[in-house]
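Asker: One predicted model, sequence on top.
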Amino acid sequence: MLGIATFPTFHEAYIAVLDATTNRPDHTIATRGNTSAELLNVSYRITDPRDRLPFLTRRPVNIAYNLAEALWYLSGRCDLDMIGYYAPGMANYSADGHTLTGTAYGRALFARGQDGHTQWDRILDLLRSDPDSKRAVLGFFRPAELEIEANPDVSCTVAAQFLLRENRLHLTSYMRGNDAYMGMVSDVFAFTFLQEFAAALLSVQVGHYTHHVGSMHVNEPDYKTVRRLLVEVQQDSYQRPRFAPPTMPAASSWGEVRVVLEQEEALRTNTVQHTPGSIEKTGLPPYWQQILLIFEAHRQIKHTDQPVAPDLLDALDPGYRWLVTRRWRNRTTASTP
């Protein structure tokens, strides 16, 4: 039997991939002026895709961006207005200053064809009619992306395949290249979020997630940071913070997503201000309320010069609170969980 590296959560997979790519690369490459340590043909599996975040003091992820990117995909948008608010650097990948091409995976997944259906619709309908199908493949990369030599935004993901087996929905992603330190965190987060949402729409359980990458790499400017992170986690005294991952309700639907997207836009444009109480009044299930709490915290960070409201931080899931208070230490006053 052929094996594949298997990890219980993304946290463990992340550290293992960073270690292998940084310390045991196959090549050092320099493409488009970027020098990187490269490991070819990296594959691993995560048994619990809901546990999709690394909890590292030296790498506190931007959970607001991670959630916004997953929702940006679900919205089918390709503009910078939404995603650029959470990651202004994304503008560097836009050829026209307004839209993204390869990175805007939502456009590929949720654009309607001549039959009025999206790729997403067709794949889920296929699995409903033929649960054992091997054809449930979502295509991301388009050959036309290479027609413009200077295209700054070519899809890193080639395809993703859903496999429904014994009432569990597995997802396998195929990427041509992946930045192990920066990009992989948001990619795995978004893909497993989509996996969990698809499982809810199909009324099945979440299976495992598998990540295949042709060129896994760490960019030279990140070498020092990555090595310091690895030194920290390899010390005998290191203990990984552990939090139960939030679980999307099995009855989740497009209705909740639409409400969250409407509220996200109002918070992003600072036309609405929320408290834990007003978010509760939206009627959303607690899982989706947590996402709005994070967007409200981010609104306060972006649009005010005051610390994030303590009652808002206290209302956050412990894992989310850990990330927010470490990512924005100078704007949060909650005690460390």
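Answerer: Everything's here; your move.
Asker: just so I have it, where are all the strands in the chain?
Answerer: Assigned by DSSP state E, the strands in the chain fall at 5-7, 27-31, 34-46, 137-139, 157-165, 168-179, 205-219.
Asker: what sits up against stretch 117-124?
Answerer: Stretch 117-124 is contacted by residues 76, 108-112, 125, 136-139, 162, 198, 201-202 when judged by CB atoms under 8 Å, 6 or more residues apart in numbering. The C-beta positions use only the backbone N, C-alpha and C, and glycine is treated the same way.
Asker: which phi and psi does the closest residue in space to L229 that isn't next to it in sequence have?
Answerer: In space, not counting the residues next to it along the chain, L229 is nearest to R58; the distance is 4.5 Å by CB to CB, 6 or more residues apart in numbering. R58 adopts backbone torsions of phi -80, psi 0, taken as degrees, to the nearest 10.
Asker: Counting neighbours, what do you get for R58?
Answerer: Neighbour count for R58, taken as other CB atoms under 10 Å: 13.
Asker: Quick one, grab the pLDDT at it.
Answerer: According to the prediction, R58 has pLDDT 89.
Asker: How about T275?
Answerer: As predicted, T275 sits at a pLDDT of 98.
Asker: what about the helices in the stretch 151-300 of the chain?
Answerer: Assigned by DSSP state H, counting those that start in this stretch, the stretch 151-300 of the chain shows helices spanning 183-202, 223-233, 254-268, 276-280, 286-303.
Asker: if I look at the residue nearest to L229, how far off is V233?
Answerer: 9 Å (CB to CB, to the nearest Å).
Asker: what does M184 give?
Answerer: For M184, the distance to V233 - CB to CB - is 16 Å.
Asker: quick one, which of those two is more surrounded?
Answerer: M184 (26 against 20).
Asker: what bridges to the nearest residue to the more buried one once chain neighbours are set aside?
Answerer: Leaving out its chain neighbours, the residue that sits closest to M184 by CB to CB, 6+ apart is N178, at 5.1 Å. N178 has the following beta-bridge partners by DSSP bridges: M216.
Asker: same thing with N34?
Answerer: T31.
Asker: Ok, which of the strands of the chain comes nearest A20?
Answerer: strand 34-46 (5.9 Å; CB to CB).
Asker: Run the chain-centre distance for the closest one.
Answerer: 18 Å (CA atoms, centre = their mean, to the nearest Å).
Asker: likewise stretch 293-304?
Answerer: 19 Å.
Asker: Same question for it: list its buried residues.
Answerer: Residues of stretch 293-304 classed as buried: L293, I294, F295, E296, A297, H298, R299, Q300, I301 (neighbour count, 16 or more other CB atoms under 10 Å).
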